[in-house]
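Student: Task: produce atomic coordinates for the following.
(2 chains)
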Amino acid sequence: MAELMSALKGHLTPGRYGLEGTAGVTLSEVHPFSLTQIAAWPDSLQAVGLEATLLAGCDAAPTPGQAALGPNGTLLRVEPLKWWLIGRDTPPDLPSLPAETGAVLDLSSSRTWIRLGGANAADLLNRFLPLNLSATAFPAGSSASTAFHHIGVTLWRDEDGFNLLLPRSFAASLWEMLTESAAQFGTEVV
Amino acid sequence: MTARRLDTGGRIDRTRQIDFRWDGKTLTGFAGDTLASALMANGESVLGRSFKYHRPRGIMSAGVEESGAIVTVGEGARREPNVKATMQELYEGLSASGQNAWPNVRFDLGAVNGLFSRFFAAGFYYKTFMGLPPFEWGHGTGLWMQYEKLIRKAAGMGTASREADPDTYDHAHGFCDLLVVGSGPAGLNAALTAAKAGRDVLLVEQDFELGGVYLNDPEAEQQRLDLVEAVRAAGVRIMTRTTAFGLYDDGTAGLLEKVTDHLSRPDPHLPRQRFWTVRAGATVLATGALERSIAFDNNDRPGVMTAASAQAYLNRFGVQPGERIVIATNNDSVYGTAAELAQAGAEVTVADYRREPSSETPTGVTVRTGMAPLSAIGKSGLQGIELAREAGTSWQKAERLDCDLLLVSGGWSPVVNLSSHRGAKPVWDAKEACFLPGETSEPIFHAGSSAGIWTREACEASGIAAAKKAMGQAADTLAPGGWTTPITPLYEVRLPNRQSKAFVDFQHDVTGDDVRLAQQEGFVSVEHLKRYTTLGMATDQGKMGNVIGLALMAEALGKDIPDVGTTRFRPPYTPVAISALSGRNVARHFKPLRRTPLHDWNLRYGATMTEAGLWHRPWYFARQGETIAEAYVREAATVRETVGICDVSSLGKIAVQGPDAAEFLNRVYTNGFAKLPVGKARYGIMLRDDGMVMDDGTTWRLGETEFLTTTTTAQAGKVMVWFDELLQTRWPDLKVHVSSVSDQWAGVSIAGPKSRETIAACLETGEDISNEALPFMGVARVRLKGGIDALIARISFSGERAYELYVPAASGEAMMDLLWPTAEALGGCLYGMEALGTLRIEKGHVTGVELDGRVTIDDAGLGKMASTKKPFIGSALRQRPELLREDRPQLVGIFPKDRSQRFNGGSILCRPGDPEGFGDGWITAVTHSPALGHWIGLGYIAGGVDAWQGTAVLANDPTRSGDVEVEIVSPHMVDPQGVRMHG
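Tutor: Alright, predicted model coming up:
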């Protein structure tokens, strides 16, 4: 099997950067991973939601702005009729849906997955994202489509911190901005 | 002014001495000093030169309203002009200098301007130098253009560094339930009240310490400490050194945080300043009030300053600002200051304009009633003050008092700037002689002296009340005022028939005479007054001078102040550096760089990149010693001879899925897509509603309900948005999902006679892309060696036998590592945009420069692709008579008449001798054609190729190559039958 190349290859170098002291931010990339879009029609929303829930293994299909974690991956509601199933493994075979029920699409190569942890993770994200990321306004299990330096990105929060999906073509450029800004908090790149 | 540092007292830390430089001298101050307080403690009295007359200026205040001590801080690339010394925190190694002066602020040759000051009244330059009689009577401002350069040099403030800014600046977003601006008695109490009620409170303070006026009152220190501790304990988020400079829609505030401006050696990882966008549920403005001056002769002399600032220098900074002090006032606020200065050992006289001033005269203070300041005596150092008393409607000279410091209090102006930003028009209160904040329906609440409340206890109570209101609770509104004896308005003191320089706006050198001159010349509207005299247009936006200017205009017009009006304040409250606004979005981050999955691979293999929107794409792959021209001609020739590989990953790619996907595409494209077989691709053109071409590209039918649509690189985003809009607003009944997959796929074009051979060698055993298995416009799923799943389509932009091969982006480099060695062994090449352009121009294939939004499908020579059997977007409006005219510019090819000549893209096509206006057409693209051996071009010309047979045409390019005679030919300049492509 040929190597799957990260968009951050040559850009992400593990190490300790920026302000000295305890690193305020921890950054890492999840690569490779699988991203499957599962889309419904207005009259099949519930059925496809159930299908997506089964695929992820989570309790219920998340509503807009929510993320649900299951044993097979995280399920996000990214649009009124679309879910994204994000798994930590390489792209599996696509599930199939009858066209009258919905549509499935592999987007695994289209995004770069960055995880942000540490005491200042929300502060760092708020250097770019115009979202209230406080623990009350955006608790674990929240998701959002938002803008990072004018580029549309997807964000969700889990118990360990924040997850950012960057469009692959912009990933290196946004990674540079993110890490340059992160230096003010002290950064651990894993 | 004979100021000196006191041995005790103040908030400075005398154990932490700080060395700094002023105009080349090394001076010392203490931690806790501002640059102004340290300079004052060192006996420096002349710190600046005025804007127009170069008059010596000293410290006039202790805050943002400072109009005298405006200096340049820093050196080299970090030199920053127009810093208010009163707001600059002292740090070790700080280097400051005077500005707008030569050789220095103490002895400035520019002061000669003052001798001619009577000529430099409002409008002087325009009257004198614009349309200068008799040379420019009735025409032109050419001389003005010359004079302006000299005038700008003579006037104006400091100069910024011309070097690139070495510091970084940050942006940040913040959120809170309640934003409290100002941490004085009102602000601290507002923040505490709301935080105790469970609100998320953000408290911002422009100073480096919390407390506002508490900081100037040693007796209130314990109260301040308790309040600050309570505020912290209640969970209020506190930002010091942060100015709320503007309020905007929906509770948005702009803040400027000075992160490292107070540090000698800031950590290089920290930004210098941070620009915050804060979204607040409600806002309490506890922004305080600014003390006004009074216009009298020489009221700008070093040694004249506001009364409250003396209290700050004495109590906060431990500096006794003068020994013999006169305080000129018209209100109660100075008496505490007078007592404290006297207690500190100064000889203090209060000249109170009011006949019956405050009931209690403080110990050690002499009070002279009915007296007002007439003229300050002394030039660089104050020697005394002439007082005047009212005589009927005029003034008469009274007596002279010797002094080294004159403190002035002409009343207080609440800081209503921020609510004014929201359109709340300030309201004149005649009793308190000030503008109070206007009404607003937004959740913005003024508290403390910014609401005209003068006593500390009432300010504290008003802070609590404002917080309650901000939380939607009932609370009483505290009435403005609070002085024992009312203020008696006093704006200007002058003797009739005596020349004086009585400044209204210190920063712009606007005098009372200037205001009256404006009135005499008809500039009576406050807006005209402002623009004619520049009153209130300096960096302080008239914080000190606006009210006086209005009062003088009202007097000249015989009106009341509110009848003259007031100008509204605009953001920013204090200046904001452009660098802070641009943040990190500078240099290489000015815009994000978009990389294809093959970006690094291309660079490794010698690509020179070019910008295509946000993308970087390979421009050409030069071999050792090759120029760009040699490289692209070689690349294009190689494609026609053997094989070339080009990264086309930047093309827009949209997955169109669903039972109605074919129907959707059939409505979007001019040509039919409903019956496109699975496994086939089709070139399509889509129009806008108005019948003009929007974009073109190929669409591949991957399955019965699954298509892959490609767009041009430039229009990818626009087409995606267009598809979504159509589905959401026009055809919500169609079961179609569109998703951008531009970033999902790495794509290459493999073109040339040996393209099939190249790809076939990279496929896993059993895969077949022979002409039978994959004919022209065929689409297939194939597997490359190493198990890489790919999509392949046999389509051609170059006119050669060619394929587009797509693999998931993460496998892009692996694909190239298969293809390139194979192609190289076959004598092939990598090619870039330049060669791609050559190949497509030779074939007459259009791109964005031809489909520029002004072109119909017929103009582009593709009219046959517009179906007559079905409606499609734009099918109605493309039939407009104007769009059907036969003399519209149409796509043509262009050869130079003399084949050895070349011409330029952008040239106008015209008849010989008639290079006027827009000509008859234009050239969109040119290249040197390796296939034809000469320069060729594409363009548009009225009537198309048929209209110009046998007619001479010039390519007119007056600014570059001049005229070149050209021939109009068919745009299909190489292999018009497409034999090579189909083979």
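
Student: Next, count neighbours for residue 94.
Tutor: All of this refers to chain A. Burial of residue A:94 is recorded as 14 neighbouring residues (other CB atoms under 10 Å in any protein chain shown). In this view, the C-beta of every residue, glycine as well, is placed from N, C-alpha and C.

Student: that answer is for a different chain, and I need it for chain B
Tutor: 22.

Student: got the contact list for residue 78?
Tutor: I'll assume chain A. A:37, A:84, A:143, A:145, A:154 (CB atoms under 8 Å, 6 or more residues apart in numbering or on different chains).

Student: hm, I was asking about chain B
Tutor: Each residue near residue B:78 by CB under 8 Å, 6+ apart is listed here: B:161, B:166, B:167.

Student: What pLDDT does the model give it?
Tutor: Listed pLDDT for residue B:78 reads 92.

Student: Look up phi and psi at it.
Tutor: Dihedral pair for residue B:78: phi -100, psi 10, per degrees, to the nearest 10.

Student: which ones are touching the closest residue in space to residue B:163 that isn't next to it in sequence?
Tutor: Excluding the flanking residues, the one nearest residue B:163 by CB to CB, 6 or more residues apart in numbering or on different chains is residue B:77, at 3.8 Å. Residue B:77 makes contact with B:161, B:163, B:164, B:165, B:166, according to CB under 8 Å, 6+ apart.

Student: what about residue 174, which helix or strand?
Tutor: In the absence of a named chain, chain A is used. Residue A:174 belongs to helix A:168-182 when assigned by DSSP states H and E.

Student: I was after chain B.
Tutor: Per DSSP H and E: strand B:169-181 holds residue B:174.

Student: can you tell me if that strand touches chain A.
Tutor: Yes: Strand B:169-181 is in contact with chain A by CB under 8 Å from any CB of the partner chain, via B:170, B:171, B:172, B:173, B:174, B:175.

Student: elements contacting that strand?
Tutor: Of the remaining helices and strands, those touching strand B:169-181 by 3 or more CB pairs under 8 Å, 6 or more residues apart in numbering or on different chains; DSSP states H and E are helix B:185-196, strand B:201-204, strand B:252-258, strand B:273-285, helix B:456-470, helix B:578-582.

Student: Averaged pLDDT, that strand. What do you get?
Tutor: For strand B:169-181, mean pLDDT rounds to 98.

Student: what inclination does that strand have with respect to strand B:273-285?
Tutor: Here strand B:169-181 runs at an angle of 10 degrees relative to strand B:273-285 (axes from the mean of the first three to the mean of the last three CA atoms, to 10 degrees).

Student: Run me through the strand neighbours of strand B:169-181, direction for each.
Tutor: Strand B:169-181 pairs in its sheet with strand B:201-204 (parallel), strand B:273-285 (parallel), by DSSP bridges.

Student: low pLDDT regions in chain A?
Tutor: Low-confidence segments of chain A, defined by pLDDT under 70, span residues A:1, A:90-92.

Student: residue nearest the centroid of chain B?
Tutor: Central residue of chain B (CA atoms, centre = their mean): residue B:581, 5.2 Å from the mean position.

Student: pLDDT wise, what is it at?
Tutor: We have a pLDDT of 96 for residue B:581.

Student: tally of neighbours for the nearest residue to it once chain neighbours are set aside?
Tutor: In space, and not counting its chain neighbours, residue B:581 is closest to residue B:275: 6.0 Å by CB to CB, 6+ apart. Each residue near residue B:275 was counted by other CB under 10 Å, and the total is 21.

Student: Tell me, what's the model's pLDDT at residue B:275?
Tutor: If you check residue B:275, the pLDDT there is 98.

Student: I'd say it and residue B:173 touch.
Tutor: No: assessed by CB atoms under 8 Å, residue B:275 is found out of contact with residue B:173, at 10.2 Å.

Student: how is chain A carved up into domains?
Tutor: Segmentation of chain A into domains, based on automatic domain parsing, reads A:15-31+A:109-189, A:34-106.

Student: got it, and chain B?
Tutor: According to automatic domain parsing, the domains of chain B span B:1-164, B:169-289+B:413-470, B:293-410, B:599-605+B:625-650+B:744-838, B:652-740, B:839-875+B:882-982.

Student: Show the contacting residues for residue B:465.
Tutor: Per CB under 8 Å, 6+ apart, neighbours of residue B:465: B:447, B:475, B:476, B:477, B:478.

Student: how about the second one, phi and psi?
Tutor: Looking back up the chat, that one is residue B:475. Torsion angles, degrees, to the nearest 10, at residue B:475: phi -160, psi 150.

Student: Count the neighbours of it for me.
Tutor: Burial of residue B:475 is recorded as 17 neighbouring residues (other CB under 10 Å).

Student: How about the contacts made by it?
Tutor: Contact analysis of residue B:475 by CB under 8 Å, 6+ apart lists B:464, B:465, B:466, B:468, B:469.

Student: element containing residue 26, please.
Tutor: No chain in the question, so chain A it is. Judged by DSSP H and E, residue A:26 forms part of strand A:25-30.

Student: could you do chain B instead?
Tutor: Assigning secondary structure by DSSP H and E places residue B:26 in strand B:25-31.

Student: can you map out the helices along chain A?
Tutor: A:45-56, A:121-125, A:168-182 (DSSP state H).

Student: Out of those, the one nearest chain B is which?
Tutor: Closest to chain B of the helices of chain A, according to CB to the nearest CB: helix A:168-182, at 4.3 Å.

Student: mind listing the helices for the stretch 51-200 of chain B?
Tutor: Secondary structure of the stretch 51-200 of chain B, counting by DSSP state H, counting those that start in this stretch: helices at B:112-115, B:124-129, B:142-154, B:185-196.

Student: Count the residues that sit near the residue lying closest to residue B:687 once chain neighbours are set aside.
Tutor: Among residues not flanking residue B:687 along the chain, residue B:874 sits closest, at 2.9 Å (CB to CB, 6+ apart). Residue B:874 sits with 23 neighbouring residues when counted by other CB under 10 Å.

Student: Tell me which residues touch residue B:110, please.
Tutor: Going by CB under 8 Å, 6+ apart, residue B:110 touches B:49, B:54, B:100, B:101, B:102, B:154.

Student: was I right about the second one contacting residue B:107?
Tutor: No: applying CB under 8 Å as the test, residue B:54 and residue B:107 come out as separate, 10.8 Å apart.

Student: Out of the contacts of residue B:475, who's the most crowded?
Tutor: Highest neighbour count within the contacts of residue B:475, by other CB under 10 Å: residue B:466, with 33 neighbours.

Student: and the residue lying closest to residue A:59 once chain neighbours are set aside, how far is that from residue A:58?
Tutor: Closest residue in space to residue A:59, ignoring its immediate chain neighbours: residue A:68 at 6.8 Å, by CB to CB, 6+ apart. Plainly put, residue A:68 is 4 Å away from residue A:58 if you go by CB to CB, to the nearest Å.
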